[in-house]
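>>> Got a sequence here, can you build the structure:
(2 chains)
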Amino acid sequence: MGEFKVHRVRFFDYMPSAIRAMAFNSRTERLAVARADGAVEIFNFSDNYYQEKVIPGRDGRAVEALCWVGQRLFSAGLNGEITEYDLENLKPQYVIEAYGGPIWTISCNNQGTHLAVSCEDGTVKLFEILKEKIQFQRNLDRQKSRIISLSWHPSGAQIAAGMMDMIRIFDTETGRATHRLLVERGVGASKSREVVVWSIAFLSNNTIVSGDSAGKVQIWDGLMGTLVRTHLVTKWDVLALAVSQDESSLIAGTSEGTIVQFQFLSSTVDRQDRDHEWVRTRTFKNHSHDVKALALTDTAVVSGGMDTQLVVHPLLDKVEKNTQEAAQRKIAFPHRSLVGCAKKAGLLLFQFPDHLELWRLGESDGNDHICCSALSPCGGWLVYSTVSSVRLYKLQHNNNISVNKVRPQQRIIQLRSVHQLCFSADSSKLFASSSQSSVVVVALNQLECKYLQTLRHKSGHSCPTAVAIHPTTNNLISVHADQQIFEFSLQQKEYTEWSRKLQKQGLHGLWLKRDTPVTSVGFNPKNPTHIILNDTFMFCIIDQSLPLPESSTILYNQMTLRSLPAPERTRQSHAFKICKNFQHVLSMSLLDDLSLVVVERPLLDVMAQLPPPVRQKKFAT
Amino acid sequence: MSAGKQQGQRSEVKVNAGDNMVEHGDIRVVHRGGSKIDFRQPVITNDSRFLLCASGECVKVFSTSTEECIHDLQGHTDLVTGVLLRPSNHLQVYSCSIDGTVRLWDFTDGILIKTYVIGCPVYSIYASANHEGVIFIVVPMLGDKRSELFQLVAVHLPQSGDQLVESRELSAVLSNVSSNPADIAFGRGGEYIASAKGLQLKVFFFKKQKSYEFSLKEDNKKGGLNTFTCVACHPKDDCIATGHGDGKIRLWRNFNHKKEYTYSTLHWHHNAVSSLCFTPEGTNLLSGGVESVLVQWRYNQESQRDFLPRLGAAITHIAVSPDGALFCTSHSDNKITIIQSCVKVSAVIQGLVKGESVQTDLIVDPRSKALVLNGKPGHLQFYSLQRDKLLYNLDIVQQEYIHELGLEQFEVVKAAFDASGTWLATVEERKQKSAELEVNLKLWAFDEQTQSFVLNTTISAPHEARITAMCFRQATDSQTTMLVSTSKDGHFKAWQLATPAHTEGPSWSCDFVGTYHGLVPECCCFSADSSLLAVSFQEVVTVWSPTSWELLTTLSQPPGAIRDLCFGRLSCSKYLLGTTAKNLLCCWNLLTCSLEWSTSMDISLLLADPLSENMAAFCCQAGCTDLFVFKPSEPRPLFSHKAVCSGTVTRAVFAPREKMLDSCEENSQWLNRSQLHFLTQYMDLMTFTTKAEDDRLMASSKQLVIDDSVAMTPFYLLLGKHRHQQQENQDPMSSLSAERTPLPQSSVAIKELLQTPAHVLPSTSFLCSMFVQSLLISVTDLRSSKVELSQRHESVTSGVKLILHSTRRTYQNMVVVVGWFGAALLPQDLDDLSYLIELCILLYIRKSSWRISTISS
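Model prediction:
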């Protein structure tokens, strides 16, 4: 397969942002994740947990809570605003001020008619959900302290609100507070500190579950307003709660990074109808830091927090063993490339939320975060886009690099929001994917614009994660979230022979089991039969001239091949040549001089930049 | 002595050994004294007064308050492997044994009620109140008794009046279970049974006849072992607690689902959890392991736990009394601790402490006749084999023992008593990797006042290398006490008690240093009259005169270094016996200084009975040990026993008997004066017993024991007062012997009543008439105290009514008629009497509270 000179780049100190909130839409199987920098990401759980959409954040917009209403996504934050997102164009659709100070949480009733937000000033505000917008309806009884958490009773008639030192139950019809449940403070030194009810859940059998800063998960009788049981879960805070749809299971996330599961079980096995009780069962430890956001799907515990990773932990009693679903996933890096590479000039462009680095090049101004960027192969041009604008720069690099901002052309100004940017191989043209599925081509010398053919896949297919056109054969290679690979001949307008063969034979089981999507597709300029793919944990050269691997052959056979004699080696080699020497790869590109640029971001470096976790006594230390 | 003669004698020995094979039938190898009491989980009786535990071939009944062993339930002929209260009668107990029987006992009186013959070794026993007439036992898988596979079977106990019942009808419940009793437990109300083995938990539901299996992975990511170590079931909820190899406890719920089962994990122990137990109401879970800490978890509030630390040694079993007031823990150092409500250790029952190995020989303390050997680290233990009780521990090292793995600490390696038991010599040593060997020789004098040994002299570095052997001279009156020690450094030293001028008391100092051609001395031995000292230097035995330190003679029978050296006793004192590493047993005649006879045997241990001429040789052959007992003067062995145990025996002792046996059978005569005890490779202390001895023990256990420690029942309060008054009126003689004096002839019926076990008594109506009849006769003597008694009658009648009210519910099982009331009555009160007797018969009280003494008054 040949040898490459490798530039192993580790100075891209990309730092993912902490996960702040999460909302799971069980109907569409989409998970919305809000990060501390205000970015909102949508993951498609039915499509191999692929990160489908990213709405970049904005300075000063910290999302505190997310809420799905049907297909619509709302968020609220400490800036006191409620935002609805335009999920087509990946930007906020409108923003409404709630006039109650910072908003701690937002919650929608089961019927999908009303949104409730809890405010710093002690009010719970109800908004009516209308088509295209929401409208303020009323305030519930104002309380003396801020309201941290909210939960609707499934009937919609009551709301439980967690606040400092207590829980209130409101009647939504009258707006009156009907019950006051006092939450005990922690013992010892924390006795003088107010206890914060971080999270609350109101179940259909009128049970209220609360998680608080004293480390307790408490079960309350919502009808009588009495405490049923206290589970001391941690010495620190219980930050998040999530309840399964059938209300038989409940999870609580703590500051220690643990997730504790409770199950609603009968005390005896034969009398299933009576004597049910919430019993603490499993404990998951997948995080090193605070677990701030939780979701409980039918099959898995989804969690995220300060350590920036999204973890999908399958519940083994709900999934079949040894399936794709039964494997735990940790999503640490975005499913798109944040690195641009000028293949001819050998320059690297790193994309951060608020600036670009080309050996510390160009700071973005304005408050919007960068959503995409590109570097031309010759290294002469640099372009990036935010939610509101696209900027183009000309680079001159003799020995020193200088950046000249190109005055925005008329056409470029029209491109208000761009999701993908790309330069042509000869650096003469810039391609930009814009809203309404159009691609704008900008010639960098004289302006020119035309719509190209919109490429649509057969409906129902998995989302492509990386696409590239072969420079010589003009075949389109696409790799999908379900790890399938297609080759489409643009000339014949059909799948190529190789692609059909691959589909007929099927991909190797181990290949399909990988849990990170392929983020880039490249080609070997010297050998047109080579397709170069990479994901976070491996890089692969597919040699189209070699036979495809059977399901019984060893997929990762590079090491064994090396030890075999030459004739045997040719007999055993197959099309997929996989190299796992690199870990946590953000980008990989093959330069024209056949040297390989690998941008790695070791997770340990990310961990080192996180604040220290809460102190825990560890046995034998 | 010619070689031909030796040959002939050797063959003779062999022939005789063959002959004796059949004869030793009435001498058995048994566990008696010093057996493990931590082998199986102990049982606390319903009233929390007794603790029952399997110990060797018997079940011991201890008092929970006094720690005393009240009696042994003897009858099994092999290791007892389980003790279980009979669910339908809390005054009876089942025990099971390797001998293939399950026995039912009345433990208060120590009577064997029934023997169920199963026919194959039983390893553990379970029962539940919901399965009446059925017990569940673990036996080897059918077909091969030697296999490592076990099954749980149900045995229907036939209803039969006979004492010996064959019950060989076994129906399999679960196959491939663990033979460890802690791995199986009955669930709530006996509805299901949970069994764990390896990495699998099986739950079998009796009603549905369905079993569920749950498997764990071999180890988790951090390398913790997931193997199951023990199981306990919650008594009220459907919750199974399992202990694991990595110290985790899992609480399983919803286990009637193949997939939706769930468990929560508790983790405090850092090493394997060895025992789990729920309290009777299920409010707490107790766990224990090698940490020697009893942990109490609040059920459903598992973050709250209580600890009882410093229990001394690893916990092996935990048991709770049925009323939940007492906990008891068994420990790996053969100890049972009784704990009151998880806070206070109220009693400690200590058995013979057995570590991994015994460094010192087994020695008998001449004064207390106690067995002396290594006990707690750095201690010598004095264990009375007659009473089967630890007397005390003597701290030899007198340094704090640090419980840390891999730390080299001082260990007692040698100990020796002089003939009168006034002096004790001990050797302790510590070998650190990078340091020189540290050896201390300590001499202890017996202090009459404190009745214990007091350190007299410490000699640090008595030799330059390890001490190989040590012995006292059997001092006669004229001689001073002398100790001889031999060492790897090539010297043997004689130590003598001397009184230096400037010190307070006499202390020990070196008297003589001897060598022989630079060879290493291995064994030393004084002759019976102390006139000769034999020291073996590899192949050579040197004989010295301890008075002049003159080398008298050398004896040698190469090849092979001398392993053991022994002088004959009494009439055989002219003989010196030695065993060599090259499988030779030699007998030298010291008068002729020549070899008397020799025979080829691989003898691992040779020892002489101090009270007779007999010598015992443990001979290792084909992985088993054979025993030969012989007199040096006669080449024909007195007794031989093939395969007394597997492995080699390196420690044994002749312990003198308290009372001589008078057996006249030839092959059991050698057991008359002393008893031979030996340690097997698994550290089991075994001994030999004759048939006559067995019979005597059985007979004594059948005698009715009336427990005189009476529980403080309302009945006792009432009666005790009266009896006290009455005893004051009586002369001291009769009141003292009142308890045990034979009853007057007239009350044969009562006597019969008393001596019949409660469970075989006839019906109450029958008893009543018989009883009244007997009373009528006995009362005639009582006319003189008529007035006093009629007053008493009133109080008794009201008292009975009161007691009837208060005790009927508590003691429901034993129908007992109380004699006292009858005795207090007069014939003219016959109407009242019959009324009262009826009341009494209704009254269900404990048999142990009977008082019959007053009748005789």
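>>> how far away is the residue nearest to B:Ser668 when sequence neighbours are not counted from A:Arg193?
Leaving out its chain neighbours, the residue that sits closest to B:Ser668 by CB to CB, 6 or more residues apart in numbering or on different chains is B:Thr690, at 4.6 Å. Quick note: C-beta positions are derived from backbone N, CA and C, even for glycine. According to CB to CB, to the nearest Å, B:Thr690 and A:Arg193 sit 78 Å apart.
>>> Pick out whichever of these two has more residues nearby.
When neighbours are counted by other CB atoms under 10 Å in any protein chain shown, B:Thr690 and A:Arg193 differ, and B:Thr690 comes out ahead with 19 against 13.
>>> give me the beta-bridge partners of B:Arg651?
B:Leu679 (DSSP bridges).
>>> right, and it touches B:Phe678 too?
Yes - with contact defined as CB atoms under 8 Å, B:Arg651 and B:Phe678 form a contacting pair (6.6 Å).
>>> So for the single nearest residue of the stretch 601-750 of chain B relative to chain A, what pLDDT did the model give?
Relative to chain A, the nearest point of the stretch 601-750 of chain B is B:Met683 (31.1 Å; CB to the nearest CB). With respect to pLDDT, B:Met683 scores 78.
>>> Need the residues touching each of B:Arg651 and B:Phe678.
B:362, B:605 (CB atoms under 8 Å, 6 or more residues apart in numbering or on different chains).
>>> How is residue 518 assigned, secondary-structure-wise?
I'll assume chain A. Secondary structure, DSSP: H, G, I helix; E, B strand; the rest coil: A:Val518 is coil.
>>> and it, what is it in contact with?
A:465-466, A:479, A:483, A:533-535.
>>> on contacts alone, who are the packing partners of the longest strand along chain B?
In chain B, assigned by DSSP state E, the strand with the most residues is strand B:634-646. In terms of contacts (3 or more CB pairs under 8 Å, 6 or more residues apart in numbering or on different chains; DSSP states H and E), strand B:634-646 is packed against helix B:3-23, strand B:27-30, strand B:624-631, strand B:685-690.
>>> Sheet partners, orientation included, of that strand?
strand B:624-631 (antiparallel).
>>> Send me the partner strand as CSV with only the CA atoms.
Taking C-alpha atoms only, strand B:624-631 is exported to CSV below (Å, rounded to 0.1, in the frame of the first residue of the first chain):
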residue,chain,number,x,y,z
CYS,B,624,-0.9,-41.7,52.2
THR,B,625,0.4,-42.0,55.7
ASP,B,626,0.4,-45.3,57.6
LEU,B,627,0.9,-45.6,61.3
PHE,B,628,2.9,-48.3,63.1
VAL,B,629,3.1,-48.6,66.8
PHE,B,630,5.8,-50.8,68.2
LYS,B,631,8.1,-51.5,71.1
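>>> ok and that strand relative to strand B:685-690, angle-wise?
When axes from the mean of the first three to the mean of the last three CA atoms, to 10 degrees is applied, the directions of strand B:624-631 and strand B:685-690 differ by 50 degrees.
>>> May I see the buried residues of strand B:624-631?
B:625-631 (16 or more other CB atoms under 10 Å in any protein chain shown).
>>> how distant is that strand from the center of its chain?
25 Å (CA atoms, centre = their mean, to the nearest Å).
>>> ditto for stretch B:228-243
30 Å.
>>> May I see the buried residues of it?
B:228-235, B:237-243.
>>> just stretch A:164-179 next, same as before
A:164, A:166-170, A:172, A:177, A:179.
>>> How about stretch A:348-359?
In stretch A:348-359, counting by 16+ other CB under 10 Å, buried: A:348-358.
>>> same thing with stretch A:81-96?
So, applying 16+ other CB under 10 Å, buried residues of stretch A:81-96: A:81-85, A:87, A:89-93, A:96.
>>> Name the nearest of these relative to chain B.
Nearest to chain B out of those is A:Leu87 (CB to the nearest CB; 35.7 Å).
>>> which of the buried residues of stretch A:348-359 come close to chain B?
Among those, no residue lies close to chain B (CB under 8 Å from any CB of the partner chain).
>>> picking up where we left off before, measure the residue of the stretch 601-750 of chain B closest to chain A to B:Ala655 for me?
Distance from B:Met683 to B:Ala655, by CB to CB: 18 Å.
>>> that older thread, CSV for the buried residues of stretch A:81-96, including distance to chain B and pLDDT?
Shown next, in CSV, are those (distance: CB to the nearest CB, whole Å; pLDDT from 0 to 100):
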residue, distance to chain B, pLDDT
A:Glu81, 40, 90
A:Ile82, 39, 92
A:Thr83, 39, 91
A:Glu84, 39, 92
A:Tyr85, 37, 90
A:Leu87, 36, 86
A:Asn89, 43, 79
A:Leu90, 38, 82
A:Lys91, 42, 83
A:Pro92, 42, 87
A:Gln93, 42, 89
A:Ile96, 43, 90
